[in-house]
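>>> pasting the sequence and the predicted model now:
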Amino acid sequence: MIEIGLTHYLVLSTILFAIGLFGVMRRKNLLLLFFATEILLNSVNIAFAAISHYYGDLTGQLFAFFVIAIAASEVAVGLGLLIVWHKRHGNINLDKMSTMRG
Amino acid sequence: MFEAIAFYLFAFLTIAMFYITVTTSQALYAITALAAGMIFISAFFFILGADFLGAIQIVVYSGAVMALYAFGMMFFDTTRDVKEKQGNKAIILGLSILAAILIVVIFAVPMVSNNITALYPMVAGAGNTQEIGMVLFTKYLVPFEVAAVMLLVAMISGIVLAGKKMDLSLTLMSDEEIEAEKNEKVRS
């Protein structure tokens, strides 16, 4: 209980991943759905860093860096598209985007 | 002892913050709780000895990504309460099964992976930042450059999408007006 092992971190990572999945399932506002995807990416980063520490290998930390870079690009492109959508349609409701009209 | 206290404290705080993020109906509460959760996550990286990753987490997530979200929220009407989705049963079932499988795999993986050896072991006598620099700029140089190009593409696309023709307000016009504008440009 007092000794923190790899399993503790992996369980924490799973709990955060489940919270993120719950948010993805629940949200209808696309901006808040982006928040849920950030939670998913961060939970995976914790697992990478923990495995990197407990196996004495740096690869996990480097993968976490690339995950962070991808998350930053995703936010830039996604928010740009979202702003264009909101300017043209006046909402960011996920259910109203289902018809793919320009 | 202190490691355990810090782990449980920050685990509780992170889970609470992210739970608020996904459940609250106020967008401002959601973004504030998300920023707090990002900072608490960096505490795990510091506990795990990944100092550089923790600093990057604070700089990139709490700094850049959160500022981007805050600027993005200024474009949207966030004062209203957010309406929730009435769930699609098949998606909820599928994702719940996925989460359950993940938990099982997480408990099973340490049993089967006992004979893992480090591919790029930590260098003795070097700090975390130095080690990461040595591995990143030798073994992972090509992915690093590709990530740099990807960030450049993302930056340009963000500028083009959000900032193009701000004086003209291209995105407020109807399709016919945009077509007319396009024809105007072709003719001139």
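It's in.

>>> now the helices for the chain?
Picking chain A for this. Along chain A, counting by DSSP state H, helices occupy A:6-26, A:30-54, A:59-89.

>>> um, chain B though
Assigned by DSSP H, the helices in chain B fall at B:2-23, B:27-47, B:51-56, B:66-75, B:89-112, B:128-136, B:141-163, B:175-187.

>>> please identify the most buried of those helices.
helix B:27-47 (a mean of 21; mean count of other C-beta atoms under 10 Å in any protein chain shown). Every residue, glycine included, has its C-beta placed from N, CA and C.

>>> which intervals of chain B have sub-threshold pLDDT?
The model of chain B has pLDDT under 70 over residues B:77-88, B:110-125, B:164-175, B:178, B:181-182, B:184-188.

>>> tell me, what residue is most central in it?
Closest residue to the average C-alpha location of chain B: B:Y61 at 6.7 Å, with C-alpha atoms, centre = their mean.

>>> for that residue, give me its contacts.
A:38, A:42, A:68, A:71, B:38, B:41 (C-beta atoms under 8 Å, 6 or more residues apart in numbering or on different chains).

>>> Throw these into TSV and include distance to A:M97, thanks.
Formatted as TSV, the contacts of B:Y61 follow (distance: C-beta to C-beta, whole Å):
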residue	distance to A:M97
A:E38	20
A:N42	26
A:I68	28
A:A71	22
B:M38	27
B:I41	30
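
>>> which of these sits closest to B:V109?
Compare each of those with B:V109 using C-beta to C-beta and the shortest gap goes to A:N42, at 19.9 Å.

>>> burial check on the closest one, number of neighbours?
27 (other C-beta atoms under 10 Å in any protein chain shown).

>>> same check, this time on A:L40
By other C-beta under 10 Å, the residues close to A:L40 number 18.

>>> again, but for A:R27
Neighbours of A:R27 under the rule other C-beta under 10 Å: 23.

>>> ok, A:Y9 next?
Other residues close to A:Y9 by other C-beta under 10 Å number 24.

>>> so who does the closest residue in space to it that isn't next to it in sequence touch?
Distance criterion C-beta to C-beta, 6 or more residues apart in numbering or on different chains; nearest residue to A:Y9, sequence neighbours excluded, is A:A50 at 3.4 Å. A:A50 makes contacts with A:6, A:9-10, A:13, A:60, B:44, B:48, as judged by C-beta under 8 Å, 6+ apart.

>>> show me how to select, in PyMOL, the buried members of the residues you listed.
A single PyMOL command selects the buried members of the contacts of A:A50 (16 or more other C-beta atoms under 10 Å in any protein chain shown):
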select buried, (chain A and resi 6+9+10+13+60) or (chain B and resi 44+48)
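
>>> closest one of the contacts of A:A50 to B:G94?
Lowest distance from B:G94 to the contacts of A:A50 (C-beta to C-beta) belongs to A:S13, with 20.5 Å.

>>> show residues contacting stretch B:127-141.
Residues lying outside stretch B:127-141 but in contact with it, judged by C-beta under 8 Å, 6+ apart, are A:58-59, A:61-62, A:65, B:49-53, B:120, B:122-123, B:126, B:144.

>>> end to end on that stretch, go ahead and measure it.
Stretch B:127-141 has an end-to-end distance of 20 Å (criterion: C-alpha to C-alpha, to the nearest Å).

>>> just for chain A, where's the confidence low?
Using pLDDT under 70, chain A drops low at A:1, A:98-102.

>>> how about A:I68, nearest residue that isn't a chain neighbour?
That would be B:V60: by C-beta to C-beta, 6+ apart, it lies 5.4 Å from A:I68.

>>> gap between that neighbour and B:F18?
To B:F18, B:V60 is 18 Å away according to C-beta to C-beta, to the nearest Å.

>>> next one: A:L6
21 Å.

>>> A:A49 now?
17 Å.

>>> farthest-apart pair in the contacts of stretch B:127-141, please.
Counting by C-beta to C-beta, the most remote pair of the contacts of stretch B:127-141 is B:G49 and B:F144, 21.8 Å apart.

>>> tabulate the helices of chain B (TSV), appending distance to A:M25.
Output for those, formatted as TSV (distance: least, C-beta to C-beta, whole Å):
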stretch	distance to A:M25
helix B:2-23	9
helix B:27-47	16
helix B:51-56	29
helix B:66-75	21
helix B:89-112	5
helix B:128-136	36
helix B:141-163	27
helix B:175-187	34
